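>>> Got a predicted structure plus its sequence, pasted below:
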Amino acid sequence: MRAVVFEQYGDREVLRAKDAPDPQPGPGEVLVLVEASGVNFIDVYQRSGTYQVPLPFVLGSEGGGTVLSFGDGVEGLAPGDRVAWTGVPGSHAEQAVVPADRLVPVPDGISTEQAAAAMLQGLTAHYLTHDSYPVRAGDTVLVHAAAGGVGRLLTRIITHLGGRVVATAGTPAKREIALADGAVRAVPYDEALQAVREVSDGAAAVYDGVGKDTFDTSLEALRPRGTLVLFGAASGKVPPVDPLRLMAGSYMLTRPTLGHFIAKRHELLERAETLFGWIADGVVEVAVTGKYPLDAVQDAYAALEGRHSTGKLLIIP
């Protein structure tokens with residue numbers, strides 16, 4: 001098969017689509033024919049060495065496809081079943097081996113590409129709005145990078161739950177996207193604090209996937225006892241923070257990661273079921289804005305890292 005491999009840490013030029021051994025499923029594992037795999041910032045962190053992985057490494061941790069075969073101890077699956085997953089390395093490839101307990105069945109009415117595009121970002125948006133800070137009707141919430149993949153889902157979900165979104169985005173076109181998704185205000189990053197104060201006495205929560213460039217504004221935008229949810233670092237790592245800064249409003253600060261919220265299989269299935277239901281009902285839209293073959297993987301990550309995308313990017317093996 002062919003797969004996207006890197007043999008040393010570095011920028012996207014270290015990525016190569018090349019021949020690789022066909023994977024073989026072991027006990028409790030499933031071999032999947034990959035139809036689509038998601039392009040995500042976790043892949044950037046792994047490729048750059050921010051997150052250490054064993055080298056050489058097949059990139060990609062999210063995807064969707066059809067079951068080819070499986071090892072001993074796998075029940076409830078048959079060849080041809082459509083499945084999706086996230087948090088499993090080796091997904092930018094024509095075939096992938098996935099632990100059976102990490103697979104989610106794709107229901108009728110949802111395409112395999114939609115499922116692949118929704119898993120990481122959609123499940124992230126679910127736990128952010130239901131666990132990291134449970135959004136309540138009437139809450140004003142600041143969402144940074146609202147035209148990106150997670151940002152668009154957050155805006156739709158928060159609005160569905162009765163909250164009001166103040167969105168930031170870098171260009172007028174992206175701010176129009178945020179407004180179309182339901183934001184009550186969409187402003188440049190440097191106008192976020194003013195926009196929040198114009199519509200409320202402070203944000204109940206801030207969902208910040210940008211990191212270094214927005215952290216100070218995010219903290220200042222909170223109402224007393226508000227929650228800052230830092231879930232990414234697209235602009236770089238946030239410098240060390242003095243906890244005494246939180247005392248200014250008895251703020252809460254959390255830095256969650258998806259793996260802890262889908263570690264138990266029942267949680268994974270319940271969140272995915274809700275997410276796929278939202279997609280089927282039109283509550284959220286999985287906006288796939290770019291599809292790339294394996295050989296164009298560097299272009300895909302150039303679009304992601306350059307913030308040129310306004311939705312989800314997929315690798316189509």
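Arrived safely. Keep in mind the model is a prediction, meaning the values are calculated, not measured.

>>> can you give me the helices in this protein?
Taking DSSP state H as the test, the helices found in the chain are 41-48, 112-127, 149-160, 172-180, 192-199, 215-220, 265-281, 297-305.

>>> Run through the strands of the stretch 201-317 of the chain in chain order.
When assigned using DSSP state E, counting those that start in this stretch, the strands of the stretch 201-317 of the chain occupy the ranges 203-208, 222-230, 252-254, 288-292, 312-315.

>>> Residues touching the shortest one, excluding its own?
The one in question is strand 252-254. 132, 219, 225-230, 241, 246 (Cβ atoms under 8 Å, 6 or more residues apart in numbering). To be clear about C-beta, it is placed using only N, CA and C from the backbone, and glycine gets the same treatment.

>>> Could I get the buried residue list for it?
Judged by neighbour count using 16 or more other Cβ atoms under 10 Å, the buried positions of strand 252-254 are residue 253.

>>> okay if I get the strands of the stretch 201-317 of the chain as CSV plus distance to residue 19 and mean pLDDT?
Formatted as CSV, those follow (distance: least, Cβ to Cβ, whole Å; pLDDT from 0 to 100):
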stretch, distance to residue 19, mean pLDDT
strand 203-208, 41, 98
strand 222-230, 40, 98
strand 252-254, 43, 98
strand 288-292, 19, 94
strand 312-315, 17, 95
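
>>> For residue 130, grab the count of nearby residues.
Residues within reach of residue 130, counting by other Cβ atoms under 10 Å, total 15.

>>> show me the residues around it that make contact.
Per Cβ under 8 Å, 6+ apart, neighbours of residue 130: none.

>>> can you check the one 3 residues further on too?
Residue 133 makes contacts with 204-205, 207, 227, 229, as judged by Cβ under 8 Å, 6+ apart.

>>> Residue 65: which of the residues you listed is nearest?
Top of the list for closeness to residue 65, among the contacts of residue 133 and by Cβ to Cβ, is residue 207 at 30.1 Å.

>>> What distance do you get for that closest one to residue 165?
Residue 207 sits 9 Å away from residue 165 when distances are taken as Cβ to Cβ, to the nearest Å.

>>> more crowded one of those two?
More neighbours surround residue 207 than the other of residue 207 and residue 165, with 32 against 29 (other Cβ under 10 Å).

>>> so what's that one bridging to?
Residue 207 has the following beta-bridge partners by DSSP bridges: residue 143, residue 229.

>>> is it true that it touches residue 142?
Yes. With contacts counted by Cβ atoms under 8 Å, residue 207 reaches residue 142, the gap being 7.3 Å.

>>> any idea how this protein splits into domains?
2-120+264-315, 136-255 (automatic domain parsing).

>>> so how far is the first one from its chain's centroid?
The offset between the C-alpha centroid of domain 2-120+264-315 and the centroid of the whole chain comes to 12 Å, using Cα atoms, centre = their mean, to the nearest Å.

>>> ok, now stretch 299-317?
Shown here is stretch 299-317, whose average C-alpha point lies 13 Å from the average C-alpha point of the whole chain (Cα atoms, centre = their mean).

>>> Could you give the bridge partners of residue 2?
Beta-bridge pairing for residue 2 (DSSP bridges): residue 19.

>>> Identify the residues contacting it.
Contact partners of residue 2, counting by Cβ under 8 Å, 6+ apart, are 17-20, 93-94, 294, 317.

>>> Equivalent analysis for residue 9, please.
Taking Cβ under 8 Å, 6+ apart as the contact definition, residue 9 lies against 47-49, 55.

>>> Please apply the same query to residue 234.
Contacts for residue 234 were tallied using Cβ under 8 Å, 6+ apart; they are 41, 145, 209-211, 307.

>>> The same query, at a cut-off of 10 Å, please.
Residue 234 sits next to 41, 44, 144-145, 148, 208-214, 304-305, 307 when contact means Cβ atoms under 10 Å, 6 or more residues apart in numbering.

>>> could you dump the contacts of strand 252-254 to a markdown table with distance to residue 273 and neighbour count?
As requested, those are exported to a markdown table (distance: Cβ to Cβ, whole Å; neighbours: other Cβ atoms under 10 Å):
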| residue | distance to residue 273 | neighbour count |
| --- | --- | --- |
| 132 | 20 | 21 |
| 219 | 35 | 20 |
| 225 | 32 | 11 |
| 226 | 30 | 23 |
| 227 | 26 | 19 |
| 228 | 29 | 24 |
| 229 | 23 | 23 |
| 230 | 28 | 22 |
| 241 | 36 | 13 |
| 246 | 35 | 15 |
